[in-house]
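Undergrad: Show me the folded form of this:
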Amino acid sequence: MLETIGPLESAAKAAFYVVAAGTLAGAWAAVSARNLFRAALGLAVALFGVAILYLFLEAEFLAVVQILVYVGAILTLLVFGVMLTARIADPSVPRWNGQAWGGLAVAAVLGLGLAHLLFHAPWLAPVDAAPAALPELGKTLLSTYLLPFEVLSLLLLGALVGAVFIARKDPE
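TA: Take a look at the predicted model:
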């Protein structure tokens, strides 16, 4: 028996496909752009798209963490690294190297294997689970796992200072 899809559900599906296509376009731009800064912008689009896809899955906490950690911290460090690279605008840097065809072959085999698993896996029926208690999760992150987060922040800060130190030109 066919179920009718309401206008709200069809709009949500259309929005999902638009966001998924934008995420894939950003990922493609990240791996195929000739300019490193444009590649970083493509990565930003892909990471924001993943955060929006988390919102479609009703995982608001993961969406916020995706934006804070990956877009806010990792991408900022990547952009600093790109800006401090000496040969950023050098047109003699090759766009593709000799490993591109091997990487494409590995990606194709991996994609075909994942597609096979997607269509032939015995999927379990969804289980109604209680939503995660965010206040308890916050207390755990700020008590039990506080030291790993602080160590990670110091590591990222050290990487940023190290990149600035390496890229700095000594006054002559």
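
Undergrad: Tell me how far Leu134 lies from Tyr145.
TA: Noted for Leu134: a distance of 15 Å to Tyr145, by Cβ to Cβ, to the nearest Å. All C-beta atoms are positioned from the backbone trio N, CA, C, and that covers glycine.

Undergrad: residue nearest the centroid of the chain?
TA: Leu47 (3.6 Å; Cα atoms, centre = their mean).

Undergrad: okay, that one: pLDDT?
TA: On pLDDT, Leu47 comes in at 93.

Undergrad: In contact with it, which residues are there?
TA: Gly26, Gln66, Ile67, Tyr70, Val71, Leu75 (Cβ atoms under 8 Å, 6 or more residues apart in numbering).

Undergrad: If we use 10 Å, what do you get?
TA: Thr23, Gly26, Ala27, Ala30, Gln66, Ile67, Val69, Tyr70, Val71, Gly72, Ile74, Leu75 (Cβ atoms under 10 Å, 6 or more residues apart in numbering).

Undergrad: Please apply the same query to Leu68.
TA: Contact analysis of Leu68 by Cβ under 10 Å, 6+ apart lists Ala51.
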